[in-house]
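Novice: Model the following, please.
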Amino acid sequence: MSKNIKVLNADYFLEYKFFGLLIRFRVITIKTIVIFTTNAFSLINFRGKLIEELVMRSHTVHTIAPDFDAKTRTVLTKLGATTHDCYFDRTGTKIFSDL
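Specialist: Residues are numbered from 1 along each chain as shown. Okay, the predicted model is just below:
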């Protein structure tokens, strides 16, 4: 029995030859992705398709923004992302005051 690892289109496959029969297993790596933004609406408007694709590929997606409203939170939850509130001064320059 021989073993091979192949990368096809950024997907990993383990291939085994067993009595002349080729058996291929797709290796799925689950990652946690965090998307941080200063405007929650931009998560849907500009990153919606990205979030949808990441969730479809079995990744865990967390979104962080200071200004979630009910509609934005609902849409992101339906896409499969987890939303987190983070309060900070969007126009400020003092980093330590936001901690």
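
Novice: so what are the domain limits for the chain?
Specialist: 1-28, 32-98 (automatic domain parsing).

Novice: and Lys49, how many neighbours does it have?
Specialist: 10 (other Cβ atoms under 10 Å). To be clear about C-beta, it is placed using only N, CA and C from the backbone, and glycine gets the same treatment.

Novice: For it, grab phi and psi.
Specialist: phi -70, psi -40 (degrees, to the nearest 10).

Novice: check contacts around it.
Specialist: Under the criterion of Cβ atoms under 8 Å, 6 or more residues apart in numbering, Lys49 has no contact partners.

Novice: mind checking the SS state of Val55?
Specialist: Here Val55 takes the helix state, with states given by DSSP: H, G, I helix; E, B strand; the rest coil.

Novice: re the thing from before, least confident of the domains of the chain, on average?
Specialist: Looking at these, the lowest mean pLDDT belongs to domain 1-28 (a mean of 62).

Novice: Is Ile64 bridged to anything, and to what?
Specialist: Phe36, His84 (DSSP bridges).

Novice: Assumed Val61 was part of a strand.
Specialist: Yes - assessed by three-state DSSP, Val61 belongs to a strand.
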